[in-house]
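Undergrad: Can you look at this prediction? I've put the sequence above it.
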Amino acid sequence: MIINKITTGFVVQVFDTDRNKFIKQYFIAGDQVDMEDWYGNKVEDIKLPDLQFNMVQRNPDKSRKLAVSILEQFEDLLDKHKIKIPDRDRGSKNDACIYGKTYYDLEDRITEILNVVEGG
């Protein structure tokens, strides 16, 4: 049987004002623990072992770099098929396949998706 162990507690986030960014976070577990099965039904009278809580800090720079890497794959595919996406900023025929505002809007959208996927 698959069981969800739900622990109530608090997340402490430490912010460095000199660097203008969060530098760490950690979870303080409370005493309340609920368990439910895969379907959300309450499960009682089961003792599960404790497991360390792993907190993940979102890395926006990583998401941006990954978004650029994804865009490079599309650039390669479009170039292979000699396709250039129209953009009002496009100047010469030698510009990239995805260019200007079109490129940066797409980069921002992909980054936002990756931030959500990474838990941001």
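TA: That came through, no problem.
Undergrad: Which positions in the longest helix along the chain come out as buried?
TA: Assignment by DSSP state H gives helix 60-80 as the longest helix of the chain. Within helix 60-80, the residues scored as buried using 16 or more other Cβ atoms under 10 Å are 63, 64, 66, 67, 70, 71, 75. C-beta: built from backbone N, CA, C; applies to glycine.
Undergrad: Chain neighbours aside, what residue packs nearest to the second one?
TA: Here the nearest residue to residue 64 in space, its sequence neighbours aside, is residue 111; by Cβ to Cβ, 6 or more residues apart in numbering that works out to 5.2 Å.
Undergrad: pretty sure that neighbour belongs to a strand, no?
TA: No - assigned with DSSP: H, G, I helix; E, B strand; the rest coil, residue 111 falls outside any strand and is helix.
Undergrad: That one and residue 79, how far apart?
TA: Between residue 111 and residue 79 the distance, using Cβ to Cβ, to the nearest Å, works out to 22 Å.
Undergrad: Also residue 64?
TA: 22 Å.
Undergrad: Same check on residue 27?
TA: 46 Å.
Undergrad: now residue 108
TA: In terms of Cβ to Cβ, residue 108 sits 22 Å off from residue 79.
Undergrad: same deal with residue 73?
TA: Distance from residue 73 to residue 79, counting by Cβ to Cβ: 11 Å.
Undergrad: Show me where the protein dips below the pLDDT cut-off.
TA: For the chain, the stretches with pLDDT under 70 are 55-58, 118-120.
Undergrad: Would you map out the domains in it?
TA: Residue ranges for the domains of the chain, per automatic domain parsing: 1-57, 60-117.
Undergrad: ok, residues contacting stretch 17-36?
TA: Stretch 17-36 has contacts (Cβ atoms under 8 Å, 6 or more residues apart in numbering) with 3-16, 42-44, 46, 48, 53, 55, 57.
Undergrad: repeat that for 7 Å
TA: Stretch 17-36 has contacts (Cβ atoms under 7 Å, 6 or more residues apart in numbering) with 3-16, 42-43, 46, 53, 55, 57.
Undergrad: Could I get the CA-only coordinates of that stretch as PDB?
TA: Extracted C-alpha coordinates of stretch 17-36, given in PDB (Å, rounded to 0.1, in the frame of the first residue of the first chain):
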ATOM      1  CA  THR A  17      20.100  41.700   2.700                       C
ATOM      2  CA  ASP A  18      23.700  42.400   1.700                       C
ATOM      3  CA  ARG A  19      23.500  39.900  -1.100                       C
ATOM      4  CA  ASN A  20      19.800  40.500  -1.700                       C
ATOM      5  CA  LYS A  21      19.000  36.800  -1.900                       C
ATOM      6  CA  PHE A  22      17.800  33.800   0.200                       C
ATOM      7  CA  ILE A  23      20.800  31.800   1.300                       C
ATOM      8  CA  LYS A  24      19.100  28.800   2.900                       C
ATOM      9  CA  GLN A  25      15.900  27.300   4.200                       C
ATOM     10  CA  TYR A  26      15.000  24.500   6.500                       C
ATOM     11  CA  PHE A  27      11.900  22.700   7.900                       C
ATOM     12  CA  ILE A  28      11.000  22.500  11.600                       C
ATOM     13  CA  ALA A  29       8.700  19.600  12.000                       C
ATOM     14  CA  GLY A  30       5.800  19.900  14.400                       C
ATOM     15  CA  ASP A  31       4.100  17.100  16.400                       C
ATOM     16  CA  GLN A  32       1.100  16.600  14.100                       C
ATOM     17  CA  VAL A  33       1.500  13.800  11.600                       C
ATOM     18  CA  ASP A  34      -1.300  12.500   9.500                       C
ATOM     19  CA  MET A  35      -1.300   9.500   7.100                       C
ATOM     20  CA  GLU A  36      -3.400   8.800   4.100                       C
END
